[in-house]
Each structure stands twice: as C-alpha cells, then as structure tokens.
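Asker: with the input below, show me the fold.
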Amino acid sequence: MSGLSMGTATRYCNHAVDKGFGSVLAFLASHGVDLNAMNNQEQTALAIVERGRTGNIEAAPVRVELLRTLVAQEGDTVKSVER
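Answerer: Here you go, the predicted structure:
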C-alpha cells in the first residue's frame with residue numbers, strides 16, 4: 001500500500017476488523033494489505049474477530065465471512081492464529 005509500511009497497514013487492518021469496519025477492511029484488502037499478517041501479539045485479523053472481547057461483537061459473524069471472502073479473492077485461505 002503506497003505510503004504505508006506493512007506494519008502500519010496491518011494495524012489498520014486489525015483495527016478495522018476489531019471495530020467492524022467492513023468497508024475499511026475491503027479497501028485495505030483491495031490495496032494489497034495481507035489479511036493474514038500477524039500483529040505484535042502474533043494474532044491474525046481472524047484471531048482478533050474470534051476472541052470476541054472487544055469491538056463490535058454483533059458484527060463478528062459478518063467479519064469472519066468478509067475475511068474469508070476477501071482472502072479467497074486472493075487465492076488463499078484466512079488463517080486463525082493466536083499464540
């Protein structure tokens with residue numbers, strides 16, 4: 001993503017998924033952000049959704065499906081990783 005480091009882009013992605021900002025997540029994915037990248041706590045975006053402790057809990061099923069769809073468009077599968 002032009003002008004952003006991959007770490008910054010990953011933080012934006014993780015924040016968007018945590019708060020339920022699907023359109024932001026789709027925008028980031030369309031600009032090449034790796035939706036399977038891990039944050040500093042070694043969590044993928046899907047792991048953040050699955051933990052369900054913060055953010056928009058009601059939107060979690062929609063975010064999981066959106067992550068799967070966006071990653072599948074890139075020919076990959078979404079990974080749930082939390083160490």
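Asker: any low-confidence regions in this protein?
Answerer: Within the chain, the segments meeting pLDDT under 70 span 1-4, 52-59, 78-83.
Asker: which stretches of it form helices?
Answerer: Using DSSP state H, the helices of the chain run over residues 6-19, 22-30, 45-51, 60-73.
Asker: got TSV for those helices, with distance to M38 and mean neighbour count too?
Answerer: Where you see a C-beta, it was placed from the backbone N, CA and C, and this is true even at glycine. Formatted as TSV, those follow (distance: least, CB to CB, whole Å; neighbours: other CB atoms under 10 Å):
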stretch	distance to M38	mean neighbour count
helix 6-19	8	18
helix 22-30	15	17
helix 45-51	8	22
helix 60-73	14	16
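Asker: do you know which of these lies nearest N36?
Answerer: helix 60-73 (6.7 Å; CB to CB).
Asker: ok, back up a step: distance to N39 added to the helices of the chain, as CSV?
Answerer: Below are the helices of the chain laid out as CSV (distance: least, CB to CB, whole Å):
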stretch, distance to N39
helix 6-19, 5
helix 22-30, 14
helix 45-51, 8
helix 60-73, 14
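Asker: looking at it, A26 is touching L70, isn't it?
Answerer: Yes: counting by CB atoms under 8 Å, L70 is a contact partner of A26 at 6.4 Å.
Asker: thanks a lot, see you next time.
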